[in-house]
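Participant: Mind folding the following:
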Amino acid sequence: MPILSQEKSKIWLSIIEYSLAAIPSNYLRYSFITAIKSILEKCNYLVSAESQNCKENLPNIQIFFQSIQTNNQVYQASMSRQIAADLSANIELKDEPKDWFIKTADFGDEYDRLLQHRDGEFTQLLEDIARYHQIFQQGYQKIILLRPSTYMGYDIQLTAAMQCLGYTKEQFQFIIVQPIKLYAFHKSTQKVHPLPDLATEELISAIGMDALRWYSLRVPLTSVAPINISTAGQADDSLYRVQSAHFRCCTLLQQAKEEIGAEVCPPLPIAEKLDNLLQVIRQILEQSANEIAPYLVIQHLEAISEICHQWLDSLSLIPPDYALLLATKQTIFDLLVNILNVTAPEPSN
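Facilitator: Numbers count the residues shown, from 1 in each chain. Next up is the predicted model:
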């Protein structure tokens, strides 16, 4: 989906909100995906989160159901096409009560799904597709549903049902966020071993909220997020390197202000590499927004920090390029704090 420069593209983002202290550890990673909303908004999307929508404004299910009964993807039968195909040709079911089905099997589902039971009761699937159809009718170009891994399976049904109504996978995206997996270094074996789940408070106490958030978003949402609690948030891990790059930039900026009027050194060659990384921030954010991939932002921050440290190690106390130093500091701060909700330490005055 292209980034629009004139008119903002409307995205409806569905995130189930949980209290961090109350959720099980396999939901912890899911609780940090609000970073996606920040990325989308940075890329000029107009984002409405589910919690901001009026849940009382639900569609009339009966009217919606009547409107799709003539769709060739919806049919009434005593059993689904798949079960009927397995029956003997001699079996007649003329007088059997009939259910209403939708042909989700045509779009990757195992078999067609029920919309209305023969007793007249509507299914959850019908209620969901009615709701999402209504959202599209309100002018939204895309619906993104992010759910924890406990929702496995239903995403296929729901996505297939929306395709039956004429929507594409690009318009309706259901993302299953995989949980974190904990590891630790064992001195006795000198190896890293998997750990059982820890209580939320214990895990936060062990590695800190910043590291938990950072490593939860560091890999694709659809992959399990590994966290080594022996090194996460410690000196020289990737988060520490990014935060310390910001801290060092702040320190040098303070020193530069004190050195006003001093001779300025010529820029070092490595400064060009750093500048190039800063110049593509917009493209990285757009790619992250289009792919719903906050890990791309983290990867780019890690690349910036590595080049930044090399550059800063080569500097004298007089910064050779104040503008680049300031841009680097501001970029790291913006991505850490405003996108990922991770702290960016600064020196005290």
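
Participant: what phi and what psi does the backbone show at residue 345?
Facilitator: phi -60, psi 140 (degrees, to the nearest 10).

Participant: Setting aside sequence neighbours, what's the nearest residue to it?
Facilitator: residue 247 (4.9 Å; CB to CB, 6 or more residues apart in numbering). Just so you know, the C-beta spots here come from the backbone N, C-alpha and C atoms, and that holds for glycine as well.

Participant: Touching, that neighbour and residue 348? I think so.
Facilitator: No. Under the criterion of CB atoms under 8 Å, residue 247 makes no contact with residue 348, lying 10.9 Å away.

Participant: In terms of packing, which of the two has more residues around it?
Facilitator: More crowded of residue 247 and residue 348, by other CB atoms under 10 Å: residue 247, with 16 against 4.

Participant: where does the more buried one land in three-state SS?
Facilitator: Classification of residue 247 by DSSP: H, G, I helix; E, B strand; the rest coil places it in helix.

Participant: wait, what's in contact with it?
Facilitator: 345, 346, 347 (CB atoms under 8 Å, 6 or more residues apart in numbering).

Participant: ranges for the helices of the chain?
Facilitator: Taking DSSP state H as the test, the helices found in the chain are 35-42, 61-68, 81-86, 124-137, 154-164, 200-207, 209-217, 238-258, 270-279, 281-291, 295-313, 322-333.

Participant: before we move on, back to that, list residues touching both of residue 247 and residue 348?
Facilitator: Joint contacts of residue 247 and residue 348 (CB under 8 Å, 6+ apart) do not exist.

Participant: Any figure for the gap between the residue nearest to residue 345 and residue 255?
Facilitator: Between residue 247 and residue 255 the computed distance is 13 Å (CB to CB, to the nearest Å).

Participant: Equivalent analysis for residue 291, please.
Facilitator: Distance from residue 291 to residue 255, by CB to CB: 40 Å.

Participant: any idea which of the helices of the chain is most buried?
Facilitator: Highest mean neighbour count among these (mean count of other CB atoms under 10 Å): helix 209-217, with a mean of 23.

Participant: Show me what that helix is packed up against.
Facilitator: Using 3 or more CB pairs under 8 Å, 6 or more residues apart in numbering; DSSP states H and E, the elements in contact with helix 209-217 are strand 225-228, helix 238-258, helix 295-313.

Participant: Swap in 10 Å and give it another go.
Facilitator: helix 35-42, strand 180-186, helix 200-207, strand 225-228, helix 238-258, helix 295-313 (3 or more CB pairs under 10 Å, 6 or more residues apart in numbering; DSSP states H and E).

Participant: Now do it: distance to the chain's middle.
Facilitator: Distance of helix 209-217 from the chain centroid (CA atoms, centre = their mean, to the nearest Å) equals 13 Å.

Participant: and the angle for that helix with strand 180-186?
Facilitator: Angle between the axes of helix 209-217 and strand 180-186 is 120 degrees (criterion: axes from the mean of the first three to the mean of the last three CA atoms, to 10 degrees).

Participant: check contacts around residue 281.
Facilitator: 42, 297, 300, 301, 304, 327, 331, 334, 335 (CB atoms under 10 Å, 6 or more residues apart in numbering).
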